[in-house]
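In: make a model of this:
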Amino acid sequence: MLCPGSRSGPLALAAGGLARAGLIQLDTAIDERSAAFLALGRSTARGRASAVITTSGTAVANLLPAAVEADRSCQPLLLLTADRPARLKHCGANQTVNQEEFLQAVCRELVRGPDQGLDAASSEHLEVLAQQAWHCAHVQPGPVHCNLPFEEPLHPSEAEQEAFWISWEQTHLGRKGHPQFLLPLGSHPEAPALLPQGGLDPSRPGVVVAGPWRGLADQRPAFEAALRQWQHCSGWPVLVDPLAAVPADLPGQVRCWDLLLPDHLPLPSGVALADLQVLRLGPMPASRRLEAWLQACHGAQVLISEGEPRSLDPLQRAWQWSNGLVDWMACQSLPASSGSRHQASHQAMVQTWQERDRRVADWLTRRLPAQGAVTEPALMCNLAALIPAEVPVMLAASSPVRDWQAFASSALSHHRCFSFRGASGIDGTLSLGLGLARVLGRTVLISGDLALLHDSNGWLLSHGPQNSGPLLVLLIDNGGGGIFQQLPVPAAPASAFDTLFAMPQQVDPLALAAAHGIPGRQVSCLEDVAPAIAWGLAQPAVALVRVCTNREVDAHLRATLRREIQQLTMGPQPAQS
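Out: Sure thing, here's the model as predicted:
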């Protein structure tokens, strides 16, 4: 991603030349904040860092929100910022600030060019800088800031540029037009030969909590294979978060767990919740009910992160292994013949949980038919069947990701889902969706009105030759911050709630999208949702479907549905296994 600027002119000319040679894909954007989020979406989909180029000054400050999310979601991102040389620092020179400090707290590394200007560096030095930045962005995935001073003159003549590219091609390109060097990708630290603590006994009852996936895209197949190996050995049920990396055919899956907790996931007689073992994969799902349930589990808890050394355990109950599930499994002593025996011993619990999972999913389908006025629970309950299984879904932070977990979690819902919940902000929602779509192809973004409006400059990224991935934006417009309606927030007088929390905006989102050349369609009832989704998925580029809901009515409906499910008769407790 290239953003406009003068001091970054040398970087812009270099990027343009590499793009003409077919060596990089170049996008342009006028808003550094949206550009950084689009790059983060692309990095997440590819599993390799995308880069953002900006000029100096406040342009660098605009990269901070995306850098924070990249840091917490553990995704690689390169931030290349032009700067003045050291001689112009701290003397009132135009557009000169302490930008090298802006991103340092959240970046894996600050890579600095020479203080006197990048032109003072040799080719070997530049290659070392590039190697260092790439390595640091991937070995422990996250953002890396490359602050690169440039001395004037910044803009070579056309003849100088042409001579440079002729010389560069002769030096760096082989006969087939490919670079003769590749930047190596660093590996994760090696796991110790023996697991010092944190073992789990697959022969005893336990549960797997598959939380949001935060590894790199190309690590996912090995992770899924390791999870399949553990589940085969243990036979434990798997509580699946929509954002988890779980194969669709993995046995033992339970998807409506958020609605079943706390009373409808019973243990076999003779097994206490306090004794249940837990294998937690990734960060905690967005569920207070699950947190309370896990807090009551006093058996061994192991939390596996994919290269994230920082604690991911707000409960402070688990021993964390940070080298990933594949390495953790390599340290276990699992007899190859134990799988069938352990599965049989835990079969009663798994069967009971899955039966209740199916009953809740069937009950929701009957309770929330695709008829009448649109409610957010009914919309989510029916969306999974309307979006083709091969189409990825991005869920905006706040209500959409929670509602998808609760109401679209039937056994038939196996879409690959994304949600950038590293910092749980609504920043950059539209740009992140566009970044995913440019790598993954046709994608659906489900967003609330404030999240979409917060990134309205993202619409500027919807056009251009590089827009290769159509994106359907499904806007749930409930007139403000609907998530706050679900919290016990007192406000007196009642009118103060909108002013202080919900903050509804007087903007027509369809008109705003149309001003950017984006086609849109309004949905008036649940019967209209299916044809609107089909229309949006048939568009060649970006499209918007707007669904209006009532946040007060929906907050009451969510509470009612949960209460009704807890009152359902689920049958007898499972027998001793």
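In: give me the pLDDT value at the residue most central in space within the chain.
Out: Centroid check for the chain by CA atoms, centre = their mean gives Phe420 as the closest residue, at 3.3 Å. pLDDT, Phe420: 93.
In: secondary structure element for it?
Out: Using DSSP states H and E, Phe420 sits in no helix or strand.
In: packing partners for the strand or helix carrying Ala35?
Out: According to DSSP H and E, Ala35 maps onto helix 32-46. On a contact count with 3 or more CB pairs under 8 Å, 6 or more residues apart in numbering; DSSP states H and E, helix 32-46 meets strand 50-54, helix 64-73, strand 77-83, helix 429-440. All C-beta spots, glycine's among them, are computed from the backbone N, C-alpha and C.
In: try 6 Å
Out: Using 3 or more CB pairs under 6 Å, 6 or more residues apart in numbering; DSSP states H and E as the contact test, the elements touching helix 32-46 are strand 50-54, helix 64-73, helix 429-440.
In: looking at those, which is closest to Cys233?
Out: For Cys233, the closest of these is helix 64-73, at 30.0 Å, according to CB to CB.
In: any idea how far the closest residue to Asn550 other than its chain neighbours lies from Leu445?
Out: Among residues not flanking Asn550 along the chain, Asn478 sits closest, at 6.7 Å (CB to CB, 6 or more residues apart in numbering). Counting by CB to CB, to the nearest Å, the separation of Asn478 from Leu445 is 16 Å.
In: next structured bit after the lowest-mean-pLDDT helix or strand in the chain?
Out: Lowest on mean pLDDT, DSSP states H and E among the helices and strands of the chain sits helix 338-345, with a mean of 61. Next in sequence after helix 338-345, counting helices and strands by DSSP H and E, comes helix 347-367.
In: show me what counts as buried in that following helix.
Out: By neighbour count on 16 or more other CB atoms under 10 Å, the buried set for helix 347-367 is 348-350, 352-354, 356-357, 359-361, 363-364, 367.
In: now do stretch 23-33
Out: Leu26, Asp27, Thr28, Ala29, Asp31, Glu32, Arg33.
In: so which of those is the closest to Leu148?
Out: Minimum distance to Leu148 across the buried residues of stretch 23-33 is 15.4 Å, recorded for Glu32 (CB to CB).
In: which residue, other than its chain neighbours, is closest to that closest one?
Out: Using CB to CB, 6+ apart and skipping the chain neighbours, the partner closest in space to Glu32 is Asn62 (3.9 Å).
In: turn the buried residues of helix 347-367 into a markdown table, including pLDDT and distance to Leu279.
Out: Output for the buried residues of helix 347-367, formatted as a markdown table (pLDDT from 0 to 100; distance: CB to CB, whole Å):
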| residue | pLDDT | distance to Leu279 |
| --- | --- | --- |
| Ala348 | 87 | 20 |
| Met349 | 91 | 15 |
| Val350 | 93 | 15 |
| Thr352 | 92 | 20 |
| Trp353 | 94 | 16 |
| Gln354 | 94 | 18 |
| Arg356 | 93 | 21 |
| Asp357 | 93 | 19 |
| Arg359 | 93 | 26 |
| Val360 | 93 | 23 |
| Ala361 | 92 | 24 |
| Trp363 | 93 | 29 |
| Leu364 | 93 | 28 |
| Arg367 | 94 | 33 |
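In: report the two of those residues separated the most.
Out: Taking CB to CB as the measure, the buried residues of helix 347-367 span a maximum distance of 28.1 Å, between Ala348 and Arg367.
In: wait, is His145 part of a strand?
Out: Yes: counting by DSSP: H, G, I helix; E, B strand; the rest coil, His145 falls inside a strand.
In: how far away is the nearest residue to Arg359 once chain neighbours are set aside from His264?
Out: Closest residue to Arg359 apart from its sequence neighbours, by CB to CB, 6+ apart: Met570 at 6.9 Å. Distance of Met570 to His264, computed by CB to CB: 5 Å.
In: if anything else comes up later, I'll come back, but that's it for now.
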